[in-house]
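Participant: quick one, structure for this:
(2 chains)
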Amino acid sequence: SQQGEEDPQALSIQEGENATMNCSYKTSINNLQWYRQNSGRGLVHLILIRSNEREKHSGRLRVTLDTSKKSSSLLITASRAADTASYFCATNTNAGKSTFGDGTTLTVKP
Amino acid sequence: NAGVMQNPRHLVRRRGQEARLRCSPMKGHSHVYWYRQLPEEGLKFMVYLQKENIIDESGMPKERFSAEFPKEGPSILRIQQVVRGDSAAYFCASSPATGQGNTIYFGEGSWLTVV
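Facilitator: Numbering: from 1, shown residues only, chains lettered A, B, ... in the order given. Below is the predicted model of the structure:
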């Protein structure tokens, strides 16, 4: 299996609800990052969490990291239609490159 | 401070032709990464380069694909004798250095269509 697998594959919610996406990985990491990608566009960096951190906040985003379970979650609170996008987690090791999962497609209905 | 610049944004090639994709990293960044994204999939690592050096090319197909990052000028991803399966979005990213805490920044991608 590849490093950085997100679930669910697809998530559909109403505006105002919270969205939670999960990411699991296989090997030890230096840090884990979450990105957003709108259709036909590049990736936008959302948040980085280091291996010695457990939780991080940025605006309406909350990321947790559990290195014992090799998993991370991204919570988007009070979702908006503009949050509709694909969300990817990426893990970084000493090798330097980032390894991505296949992403979670989030649809927020107005 | 301009971001990672990729061109062309869209490229159409006939089977057998060559495709050249260019990437200028962010100012001050000396590390460049190329990723490929097939429809409905995540990004797959292809190659990691520093100036004049290929650091990791474990994700590059053995044939037809090559990448360079010369001392001067942009990084180039070159695909020779393209086939329909090469149709994908190719993303370039850059970072100032590797290691913990270094975010990589992505360009807007180059969409290659092979007809």
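
Participant: what about the residue nearest to residue A:110 when sequence neighbours are not counted, distance to residue A:37?
Facilitator: Leaving aside its sequence neighbours, residue A:110 sits nearest to residue A:81 (Cβ to Cβ, 6 or more residues apart in numbering or on different chains; 4.6 Å). No exception for glycine: its C-beta is placed from N, CA and C like everyone else's. Residue A:81 sits 16 Å away from residue A:37, going by Cβ to Cβ, to the nearest Å.

Participant: with residue A:61 instead?
Facilitator: Relative to residue A:37, residue A:61 is positioned 15 Å away (Cβ to Cβ).

Participant: ok, the two, which is more surrounded?
Facilitator: Just comparing residue A:61 and residue A:37: by other Cβ atoms under 10 Å in any protein chain shown the higher neighbour count belongs to residue A:37, 22 against 16.

Participant: pretty sure that one contacts residue A:86?
Facilitator: Yes: between residue A:37 and residue A:86 there is a contact under Cβ atoms under 8 Å: 4.7 Å.

Participant: so what sits against both of the two?
Facilitator: The contact sets of residue A:37 and residue A:86 overlap at residue A:103 (Cβ atoms under 8 Å, 6 or more residues apart in numbering or on different chains).

Participant: shaky segments in chain A?
Facilitator: A:1-4, A:94-95 (pLDDT under 70).

Participant: which element is the residue of it found nearest chain B on?
Facilitator: Chain A approaches chain B most closely through residue A:96 (3.6 Å), counting by Cβ to the nearest Cβ. Per DSSP states H and E, residue A:96 falls between elements, in no helix or strand.

Participant: okay, now it: neighbour count?
Facilitator: Using other Cβ under 10 Å, the number of residues around residue A:96 comes to 19.

Participant: mind checking how far it is from residue A:31?
Facilitator: In terms of Cβ to Cβ, residue A:96 sits 12 Å off from residue A:31.

Participant: hang on, the residue of chain A closest to chain B packs against residue B:56?
Facilitator: Yes: Residue A:96 lies in contact with residue B:56 (Cβ under 8 Å); the separation is 6.9 Å.
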